[in-house]
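Chemist: Sequence first, predicted coordinates after that:
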Amino acid sequence: MGILSKLFKKPKTDAVFETTSPNGRLKIVFVIEHGEMSYYVRKDDKIIVKRSTLGLELRGERSFEHGMSVVRAFNRQFDETWEAYWGEEHYIRNNYSETVIYLEEVIKPARLLTLRFRAYDDGVAFRYEIPVQPQMSRLVITEELTEFAFNSNDRSWSIPAYQPDRYEYCYTEKPVFDLRDSVHTPMTVLTTDGFYVAVHEAALYNYGGMTLKMNKRALQADITPLSDGTKAHVSLPFSTPWRMMIVAENPLDLTTSRLMLNLNPAPREDFSWVKPIKFLGIWWAMFVGEWTWALGDRHGATTEHAKEYIDACVRLGISGLLIEGWNDGWEGDWLQNGVNNKFLDPTPDFDLDEVCNYAKEKGVEIVGHHETVGFVDNYEEQIDNAYKYMRDHGVKYIKSGYAGSRMVINGQREYHHSQLGVMHYQYALELAAKYGIMLDVHEPIKSTGIERTWPNLMTREGARGQEYEGGGLTPSHTCFLPYTRLLAGGMDYTSGIFDVGNPTKRIATTVTRQIAYYVTIYSGMQMAADRPRFYEENFPDLFEFIRNLPTSWERTLPLVGEIGKSYVVARQAWNSQDWYVGGVTNEDGRRVMLNFDFLEEGSSYKAKLYRDSDDAHYRDNQLGHVVEEKVLRRGDKLEVYMAPGGGFALEIHKY
Ligand code: NOJ
Ligand code: CA
């Protein structure tokens, strides 16, 4: 490993420092000019991000903005391959060049700031670090001055920030200059030179989530404020999250970048107890109005229903069962009344001991449920005992929820993605790890790759999921997700609804597309979201795919795709030679040519293709599908048709 360290005799107020990716093609360049800090990004001879300002504004102190000088710079190369506990890739290469720039103010009190830059072959990143220093021990950050200067005509895909439904919005395409209102990350840009760039952050701890907004000349980091209007209260030493940009030459290469995970440290403890799972749920019946969350005649979470569903898990070969609405407090309009939610008190018609004993006897894992409705104060009073209570009942998985447009923390209304929100999610995650609990967080803080460090964070929602069907979704939505939200990791989309024509919630899908989602949308906890009878009685043929589906992948290989139009991906099962392929299209029908170059030379594979029938359509022929058996070898080609709003799934087993 080459190490280069330079201590300058005279601090530099004008200088340029390049950090170059291992393959030499991508550069992030730090420029200090008359004491002002900026950076730009280039690939080969093309500028990807133009000169962009760096800096932090502080309360009651001069900002880190002007009058800076470089006193020392340090460069090193790093290369490792690490093994994941679960996920989309078993072994991940982490290979970068890093430059650390030590800065000092020119005038007294000569405060210190460090900037750390990294260049990978698939992207760049940087962060601010404020070391311990005599003049300061605590700081209030009021603004981050970080810019991402794209050309104003570059195209972008994003969802709006600061909205009542958090991250649960549809993606829209806009020229960058149109982003006058803040948008969430990951935000994807297509530059006029044809590069695909995803701007996001990694390792978000103890700080507000970053949104992006146009200032007069560039997109600027707009850190989610606290209710007092400031951005973060921190003590030193402090590091901001990484500001990262994946840089790719086509949209599919964005999806295979592991930059976000690589920017997070390895876990400090052993997490080999963590295990991905598939689960059914006492759940969709509530969405279609058959059952209710709240106590009453049609209450879903009864002891009897739970036992019936546990039996269904056994028959269907699904190892987990989620039970929602089991606890006291879900009275009437639960969005209003969530402040009453009690996490240690089952409803009178639900016997948790009996249900858990029955599940244990049958070898089924219970996925417990904590709907906080965002009342964090109420939840934090109970959370330690509530986790313990679940663990005492043998429950190792919990789905949590934070419905509501704001959180209530310390009696104040705070954004979910503010520093206090981030701190709550982190507290819950670390406590869960202590109790050996794995989490599926709904209405979460977005993923910034902390699941590398905390692998008990199995999945999140954090995007518009299938619960919005019945009017709130079009087929293109799940063709945007792979190139935007899913760049930040797994999502509990709640796939596998076969009751697609239900008048209460009609779904813009063909039935085949529902199983394709299990491959196109990764999740460490995969829900088979419909009621068991739709699997056992209506579509046992399609259900077979869900039953066979692995929950972790050795390797992920996207095959075909365009943002908002289609996505086809092949995934190799963890520690296996079997492959699964899934494809989805938007409102347009589409034929795709699959090329089986990824299969092993000389081997034969038994394959099963689940596809839309030629006359299938997400509006008026949702059920039309065909299941065909095939024999495949390396080098074979296969043309597959996806109906409008449809898709396909393919399982490939080595003989
Ligand atoms: C919204 C979640 O996304 C959904 O999965 C859950 O059932 C409801 N909140 C109730 O907690
Ligand atoms: Ca939700």
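Modeler: Here it is on my side, so go on. Ligands and ions are numbered 1, 2, ... in the order given.

Chemist: how much distance is there from stretch 403-414 to the middle of the chain?
Modeler: In this view, stretch 403-414 has its centroid 22 Å away from the chain centroid, taken as C-alpha atoms, centre = their mean, to the nearest Å.

Chemist: Near the closest residue to ligand 1 within the stretch 51-200 of the chain, how many other residues are there?
Modeler: Across the stretch 51-200 of the chain, no residue is closer to ligand 1 than Glu168, which sits at 8.1 Å (C-beta to the nearest ligand atom). Yep, even glycine has a C-beta here, placed from its N, CA and C like the rest. By other C-beta atoms under 10 Å, the residues close to Glu168 number 18.

Chemist: How about it: what's its closest non-neighbour residue?
Modeler: Spatial nearest neighbour of Glu168, excluding adjacent residues (C-beta to C-beta, 6 or more residues apart in numbering): Arg464 at 4.5 Å.

Chemist: residues contacting that neighbour?
Modeler: Arg464 is in contact with 165, 167-170, 472-473, 477, counting by C-beta atoms under 8 Å, 6 or more residues apart in numbering.

Chemist: what kind of secondary structure is the closest residue to Lys654 other than its chain neighbours in?
Modeler: Among residues not flanking Lys654 along the chain, Gln577 sits closest, at 4.2 Å (C-beta to C-beta, 6+ apart). Here Gln577 is recorded as coil under DSSP: H, G, I helix; E, B strand; the rest coil.

Chemist: Quick check: Gln577 vs Arg555, distance?
Modeler: Going from Gln577 to Arg555 by C-beta to C-beta, to the nearest Å gives 11 Å.

Chemist: in the sheet, who's paired with Met136?
Modeler: Note on Met136: beta-bridge partners Gln133, judged by DSSP bridges.

Chemist: in stretch 602-611, what's buried?
Modeler: By neighbour count on 16 or more other C-beta atoms under 10 Å, the buried set for stretch 602-611 is 605, 607-611.

Chemist: The helix or strand bottoming out on mean pLDDT in the chain: which residues count as buried?
Modeler: Least confident helix or strand, the chain: helix 334-337 with a mean of 71, by mean pLDDT, DSSP states H and E. For helix 334-337, the neighbour count (16+ other C-beta under 10 Å) marks Trp334 as buried.

Chemist: List the contacts of that helix.
Modeler: For helix 334-337, the external contacting residues (C-beta under 8 Å, 6+ apart) are 293-294, 329-331, 371, 373, 403-404.

Chemist: Can I get the residues you listed in CSV including distance to Glu105?
Modeler: Formatted as CSV, the contacts of helix 334-337 follow (distance: C-beta to C-beta, whole Å):
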residue, distance to Glu105
Trp293, 56
Ala294, 59
Gly329, 53
Trp330, 55
Glu331, 57
Glu371, 49
Val373, 46
Ala403, 46
Gly404, 43
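
Chemist: Show the buried residues in the residues you listed.
Modeler: Buried by 16+ other C-beta under 10 Å: 293-294, 329-330, 371, 373, 404, out of the contacts of helix 334-337.

Chemist: which one of those residues sits closest to ligand 1?
Modeler: Nearest to ligand 1 among the buried ones among the contacts of helix 334-337, counting by C-beta to the nearest ligand atom, is Glu371 at 3.8 Å.

Chemist: is it true that that closest one touches Gly338?
Modeler: Yes. Counting by C-beta atoms under 8 Å, Glu371 touches Gly338, with 6.8 Å between them.

Chemist: what residues are shared contacts of those two?
Modeler: Here Glu371 and Gly338 share the contacting residues Ala403, scored by C-beta under 8 Å, 6+ apart.

Chemist: got a list of what Ser239 touches?
Modeler: 127-130.

Chemist: that older thread, can you list the buried ones among the contacts of helix 334-337 in CSV and add secondary structure?
Modeler: Formatted as CSV, the buried ones among the contacts of helix 334-337 follow (three-state DSSP):
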residue, secondary structure
Trp293, coil
Ala294, coil
Gly329, coil
Trp330, coil
Glu371, strand
Val373, coil
Gly404, coil
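
Chemist: among those residues, which are within reach of ligand 1?
Modeler: The subset of the buried ones among the contacts of helix 334-337 within reach of ligand 1, by C-beta under 6 Å from any ligand atom, is Glu371.

Chemist: Give me the secondary structure label for Val367.
Modeler: Look at Val367: counting by three-state DSSP, its state is strand.

Chemist: So Ser152 sits against Phe177, correct?
Modeler: Yes. Ser152 lies in contact with Phe177 (C-beta under 8 Å); the separation is 3.6 Å.

Chemist: Quick check: chain neighbours aside, which residue is closest to Tyr389?
Modeler: Ranked by C-beta to C-beta, 6+ apart and with sequence neighbours excluded, the top spatial neighbour of Tyr389 is Leu344, at 5.3 Å.

Chemist: what's the pLDDT at that neighbour?
Modeler: pLDDT for Leu344: 97.

Chemist: Could you give the number of residues near it?
Modeler: Neighbours of Leu344 (other C-beta under 10 Å): 13.

Chemist: Contacts (any at all) between ligand 1 and the least confident helix or strand of the chain?
Modeler: No. Judged by C-beta under 6 Å from any ligand atom, helix 334-337 stays clear of ligand 1, getting no closer than 7.6 Å.

Chemist: what's Asp499 sitting at in phi/psi?
Modeler: phi -80, psi 60 (degrees, to the nearest 10).

Chemist: Assess the claim that it and Arg531 are in contact.
Modeler: Yes. With contact defined as C-beta under 8 Å, Asp499 counts as touching Arg531 (7.3 Å).

Chemist: Near ligand 1, which residues of the stretch 351-500 of the chain are found?
Modeler: Selection of the stretch 351-500 of the chain residues close to ligand 1 by C-beta under 6 Å from any ligand atom yields 371, 401, 403, 442, 461, 467.

Chemist: since we're on the residue nearest to the fifth one when sequence neighbours are not counted, how many residues are nearby?
Modeler: Excluding its sequence neighbours, the residue lying closest to Glu461 (C-beta to C-beta, 6+ apart) is His442, at 4.1 Å. By other C-beta under 10 Å, the residues close to His442 number 23.

Chemist: cool, Thr19 as well?
Modeler: Neighbour number of Thr19 under other C-beta under 10 Å is 25.
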